[in-house]
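In: Next input, structure requested:
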Amino acid sequence: MALYFWELGSNAVASALGACLLLRVLARLESEAEEGARRKDLAAKFEGLGVGPSSLPSHHLSTRFSTSDINPLPPPDLFGECYRSCEERAARLLLRRCPFWGGATCLQLAMQADARAFFAQDGVQSLLTQKWWGEMDSTTPIGALVLAFFCPPLIYTNLITFRKSDEEPTQKDLAFDTDRGLNGEGPVRPAEPPEKALPGSGAPGPGPCRTPLRRRLHLYLADTWNQCDLVALTCFLLGVGCRLTPGLYDLGRTVLCLDFMVFTLRLLHIFTVNKQLGPKIVIVNKMMKDVFFFLFFLGVWLVAYGVATEGLLRPQDQDLPKILRRVFYRPYLQIFGQIPQEDMDVALMEHVNCSAKQGFWARPSGAQAGACVSLYANWLVVLLLVIFLLVANIVLVNLLIAMFSYTFGKVQGNSDLYWKAQRYSLIREFHSRPALAPPLIIISHVRLLLRRFRRHRASLPSSPDLPHFRVHLPKEAERSLLTWESVQKENFLLARVRDKRESDSERLKRTSQKVDTALKQLRQIREYEQRLKGLEQEVQHCSRVLGWVAEALSRSPLLPPGGPSPPTPPGPRD
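Out: Numbering: from 1, shown residues only. All right, here's what the predicted structure looks like:
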């Protein structure tokens with residue numbers, strides 16, 4: 001029923017992404033695993049309606065829909081159909097506010113629904129590339145950009161190539177120039193009041209009044225890079241405070257050294273926009289999860305070995321810092337080949353009674369007084385060392401390599417999808433931030449404050465009503481855009497029907513239907529033949545009976561002799 005209404009309704013791309021978002025949220029809230037899996041499958045089906053990736057199973061809509069009907073051919077995609085028809089309208093379709101979804105755009109719905117395949121579309125990536133380059137042409141050489149970076153006046157020369165817009169000024173005014181809308185600099189005019197968000201839709205509202213501060217903070221902290229920023233800034237403030245406090249200078253230096261590491265690692269985020277480095281960063285991020293699982297196994301084995309050997313070698317030692325160092329740190333170094341044999345093998349030690357306790361003891365060479373080693377069961381310590389190195393260096397390390405290989409093979413095919421989704425977040429983040437770097441960033445903040453004050457004095461919508469990556473179209477332009485989208489949707493549905501009709505499964509189905517019809521006709525022919533054979537047998541039987549009756553009557557004395565004359569054959573007509 002939902003597919004049928006989607007086929008008849010408008011806002012096809014936004015509705016498909018919104019349905020995908022709702023179904024995935026309901027799947028997470030569903031307690032029954034079977035029902036949750038069914039909703040996830042339906043969410044993937046709606047994602048395929050708006051995207052149509054070859055990795056998603058394709059099903060027919062409305063009355064032609066079947067849960068077991070999978071199209072092996074790469075299905076057509078609705079947004080791809082729109083992008084092939086008109087790139088500029090497809091860009092406006094992505095950035096248009098959808099009133100039925102709380103004023104959210106298709107890009108926001110796709111991000112909330114985790115529809116990575118949607119961001120992998122050529123139209124979306126083309127828009128992101130355009131916004132990343134700004135007014136510059138994407139074919140500008142890297143050397144020219146580097147020279148302009150170190151010498152900004154070169155921007156006003158022909159060194160930097162800027163792209164030319166094909167739109168006329170009137171067309172820009174009518175269509176609200178996508179670039180200016182993306183920069184939050186749309187036409188200064190009263191905007192229509194945004195509609196209220198649907199309850200439970202999960203779509204982010206455009207204004208702070210509808211988005212509670214707690215939810216905004218939760219969304220901000222949901223990003224790992226934002227958490228990294230908070231840690232870096234907190235460590236920086238803490239380090240500066242310690243440096244300015246008498247007696248805490250060394251602590252401040254330590255905190256700032258760690259903070260420098262965090263800031264340096266934060267630079268990796270900028271490289272995710274690169275086509276070559278971006279997917280590799282995604283793979284490294286996935287491999288870090290494997291490292292944590294490996295450290296769990298390694299930690300269990302390391303603690304087991306460290307405690308056992310320390311208890312056998314130094315049962316009377318009470319120096320806790322040294323005990324912890326020998327239990328955790330020394331076995332970790334042994335994995336990399338640093339094996340202190342003179343501290344573990346009693347054959348290399350001086351056998352002296354260096355302890356007041358009863359037993360046999362030995363003193364390691366160069367060890368401090370009191371660090372005596374027990375001679376009892378020292379062979380077991382050597383055996384445990386051999387087993388530990390065997391398991392740690394061979395079994396666990398090869399397990400880590402196998403996990404990395406599996407993760408690389410699994411993520412390599414989908415890393416492009418992950419990267420393109422992260423690329424949208426990165427470009428939107430940098431696009432929404434001021435262009436000037438600290439300390440000149442104060443100029444951008446003053447400019448934004450003055451603009452906000454001017455809008456407030458003129459009773460115009462504030463900046464949240466014209467955020468980044470969102471445009472507000474007039475009614476006439478929006479109606480024209482929706483009509484064009486409906487036409488593309490009809491072409492999309494016709495293409496799906498045609499592809500299914502020409503697919504191998506449909507051909508096999510039609511062939512099987514023809515074979516079934518032919519078999520049915522053959523069965524009918526066999527039935528007719530059997531009936532004819534039965535009639536022939538009955539006629540033969542009747543002929544024999546009539547012959548027997550005629551012969552009996554001819555021999556009977558009751559009938560006159562001679563019998564009837566034979567019939568005269570018919571002659572030719574005149």
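In: Only C-alpha atoms from now on, for both contacts and neighbour counts.
Out: Noted.
In: and the helix or strand hosting residue 93, what's its mean pLDDT?
Out: Taking DSSP states H and E as the definition, residue 93 sits inside helix 87-95. Mean pLDDT, helix 87-95: 87.
In: now stretch 273-292
Out: When pLDDT is averaged along stretch 273-292, the result is 83.
In: and that stretch, how far from the chain's centre?
Out: 14 Å (C-alpha atoms, centre = their mean, to the nearest Å).
In: What of stretch 13-31?
Out: On the basis of C-alpha atoms, centre = their mean, stretch 13-31 is displaced by 14 Å from the centre of the chain it belongs to.
In: List the contacts of that stretch.
Out: Here stretch 13-31 makes contact (C-alpha atoms under 8 Å, 6 or more residues apart in numbering) with 6, 35-37, 39-40, 42-44, 46-47, 49-50, 78-79, 98, 101, 105-106, 109-110, 112-115, 201-202.
In: and these, which are buried?
Out: 6, 36, 39-40, 42-44, 46-47, 49-50, 78-79, 98, 101, 105-106, 109-110, 112-115, 201-202 (16 or more other C-alpha atoms under 10 Å).
In: and residue 521, how far is that from residue 429?
Out: According to C-alpha to C-alpha, to the nearest Å, residue 521 and residue 429 sit 69 Å apart.
In: Repeat that for residue 24.
Out: Here residue 24 is placed at a distance of 25 Å from residue 429 (C-alpha to C-alpha).
In: who's more crowded, the two?
Out: For residue 24 against residue 429, the residue with the higher neighbour count under other C-alpha atoms under 10 Å is residue 24, and the figures read 23 against 11.
In: tell me the phi and psi of that one?
Out: phi -70, psi -30 (degrees, to the nearest 10).
In: Buried residues of whatever helix or strand residue 79 lives in, list them for me.
Out: Under DSSP H and E, the secondary-structure element containing residue 79 is helix 78-85. If you call a residue buried by 16+ other C-alpha under 10 Å, then helix 78-85 has these buried ones: 78-83.
In: Nearest residue to the middle of the protein?
Out: Per C-alpha atoms, centre = their mean, the C-alpha nearest to the average position across the chain is that of residue 116, at 4.1 Å.
In: So that residue sits against residue 110, correct?
Out: Yes: the criterion here is C-alpha atoms under 8 Å, and residue 116 meets it with residue 110 at 7.5 Å.
In: Let me see the ranges of the helices in the stretch 1-150 of the chain.
Out: In the stretch 1-150 of the chain, helices defined by DSSP state H, counting those that start in this stretch lie at 2-8, 12-29, 33-50, 78-85, 87-95, 106-112, 116-119, 122-133, 142-150, listed in chain order.
In: sorry, back to before: with residue 425 as the reference, measure out to the residue nearest to the centre of the chain.
Out: Residue 116 is 12 Å from residue 425, by C-alpha to C-alpha.
In: Please apply the same query to residue 252.
Out: 34 Å.
In: who's more crowded, the two?
Out: Comparing residue 252 with residue 425 by other C-alpha under 10 Å, the one with more neighbours is residue 252, at 22 against 16.
In: in what helix or strand does the nearest residue to residue 445 once chain neighbours are set aside lie?
Out: Spatially, and ignoring its direct neighbours in sequence, residue 445 is nearest to residue 434 (7.8 Å; C-alpha to C-alpha, 6 or more residues apart in numbering). Under the criterion DSSP H and E, no helix or strand holds residue 434.
In: Next up, the contacts around residue 434.
Out: Under the criterion of C-alpha under 8 Å, 6+ apart, the contact list for residue 434 reads 441, 444-445.
In: Make CSV out of these and add pLDDT, secondary structure and neighbour count.
Out: Listed next are the contacts of residue 434 as CSV, based on pLDDT from 0 to 100; DSSP: H, G, I helix; E, B strand; the rest coil; neighbours: other C-alpha atoms under 10 Å:
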residue, pLDDT, secondary structure, neighbour count
441, 83, helix, 14
444, 86, helix, 15
445, 85, helix, 13
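In: Tell me the one of the residues you listed nearest residue 286?
Out: In terms of C-alpha to C-alpha, no member of the contacts of residue 434 lies closer to residue 286 than residue 441, at 34.9 Å.
In: longest helix anywhere in this structure?
Out: For the chain, the longest helix by residue count, based on DSSP state H, is helix 504-554.
In: Can you tell me which helices and strands that helix packs against?
Out: With contacts defined as 3 or more C-alpha pairs under 8 Å, 6 or more residues apart in numbering; DSSP states H and E, there are no secondary structure elements packing on helix 504-554.
In: so for it, what's the average pLDDT?
Out: Helix 504-554 shows a mean pLDDT of 87 in the predicted model.
In: Off-centre distance for it?
Out: Its chain's average C-alpha position is 63 Å from that of helix 504-554, according to C-alpha atoms, centre = their mean.
In: Stretch 255-271 too?
Out: Distance, centroid of stretch 255-271 to centroid of chain: 27 Å (C-alpha atoms, centre = their mean).
In: buried set for stretch 124-135?
Out: 124-125, 127-132.
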